[in-house]
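Q: okay, here's the prediction I keep looking at, along with the sequence it came from:
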Amino acid sequence: DTEVTQTPKHLVMGMTNKKSLKCEQHMGHRAMYWYKQKAKKPPELMFVYSYEKLSINESVPSRFSPECPNSSLLNLHLHALQPEDSALYLCASSQVDMGWTYNEQFFGPGTRLTVL
Amino acid sequence: SQQGEEDPQALSIQEGENATMNCSYKTSINNLQWYRQNSGRGLVHLILIRSNEREKHSGRLRVTLDTSKKSSSLLITASRAADTASYFCATIKAAGNKLTFGGGTRVLVKP
């Protein structure tokens, strides 16, 4: 299985809602990532988990809360978002070689988030 | 912040022609990767070239890397309408696990 799955595909939420995005991979990858992508822009890294531990937080506002329950799952909990948070949220995973070399990333199809 | 800048920002060619896009970056890297993204969908990894490699091929793709100029190029030969997509270069620094993307090149291949 060489696929990264993301649910839901689309999400519309109000500014007072709490929702979660889910990402799953079964490739045995020990690094998982969340990216945010605005239209016609490159993906911007939000968080990196290595061996289920948060290793990078790119100064993301606390209204985004990541969670890595196990080596196959990655969640992004959303609370009190702003309209400017509307974007495509991409999850990715990658192998980690010995010596902590990170290789190509496998991306999920993304969740299209709209905040009203 | 973007590590890489891509050139051109957009490219329109006829089917069968070659497409070349360039990427420049600023700091020392462990490897450089190219990804394709069809409209509004996830990214697909195309090719990875390490800092000690100069050229790599994969099917109709050819990637070069010049670490002295901190630049890379992606050549797609004999393009097809299905190659219509945005292409991003991305780098991983010499000591790190962060993949930083360039601005992307939007390629339109006309039938």
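A: All right, it came through fine. Predicted model only: the values in this text are computed from it and were never measured.
Q: just the pLDDT at the residue nearest to the spatial centre of chain A, thanks.
A: Centroid check for chain A by Cα atoms, centre = their mean gives A:W34 as the closest residue, at 2.6 Å. pLDDT, A:W34: 97.
Q: same question for the one 4 residues further on.
A: On the pLDDT scale, A:K38 is placed at 95.
Q: that one and B:A94, how far apart?
A: Taking Cβ to Cβ, to the nearest Å as the measure, A:K38 falls 29 Å from B:A94. Glycine gets a C-beta too; all of them are placed from N, C-alpha and C.
Q: return the helix or strand in chain A with minimum mean pLDDT.
A: strand A:102-107 (a mean of 86; mean pLDDT, DSSP states H and E).
Q: so which bits of the helix or strand following that strand are buried?
A: With elements assigned by DSSP states H and E, the helix or strand that comes after strand A:102-107 is strand A:111-115. Buried residues in strand A:111-115, counted by 16 or more other Cβ atoms under 10 Å in any protein chain shown: A:T111, A:L113, A:V115.
Q: and chain B, is strand A:111-115 touching that?
A: Yes - Strand A:111-115 is in contact with chain B by Cβ under 8 Å from any Cβ of the partner chain, via A:R112.
Q: quick one: low-confidence parts of chain A?
A: The model of chain A has pLDDT under 70 over residues A:1-2, A:98-102.
Q: at the contact with chain B, which residues of it appear?
A: Residues of chain A lying close to chain B by Cβ under 8 Å from any Cβ are A:4, A:31, A:33, A:40-45, A:48, A:50, A:55-56, A:88, A:90, A:92, A:96, A:100-110, A:112.
Q: all strands of chain B, in order?
A: Along chain B, counting by DSSP state E, strands occupy B:4-7, B:10-14, B:19-25, B:29-37, B:43-50, B:55-58, B:61-66, B:71-76, B:85-93, B:99-101, B:105-110.
Q: give me the angle between the third one and strand B:85-93.
A: Counting by axes from the mean of the first three to the mean of the last three Cα atoms, to 10 degrees, strand B:19-25 lies at 30 degrees to strand B:85-93.
Q: can you check the fourth one too?
A: Between strand B:29-37 and strand B:85-93, the angle comes out at 160 degrees (the same axes, to 10 degrees).
Q: please see if strand B:29-37 touches chain A.
A: Yes - Strand B:29-37 reaches chain A (Cβ under 8 Å from any Cβ) through B:N30, B:N31, B:Q33, B:Y35.
Q: show me what that strand is packed against.
A: strand A:102-107, strand B:19-25, strand B:43-50, strand B:61-66, strand B:71-76, strand B:85-93 (3 or more Cβ pairs under 8 Å, 6 or more residues apart in numbering or on different chains; DSSP states H and E).
Q: return the most buried member of the ones you listed.
A: Comparing the helices and strands packed on strand B:29-37 by mean neighbour count (mean count of other Cβ atoms under 10 Å in any protein chain shown), strand B:85-93 ranks first with a mean of 24.
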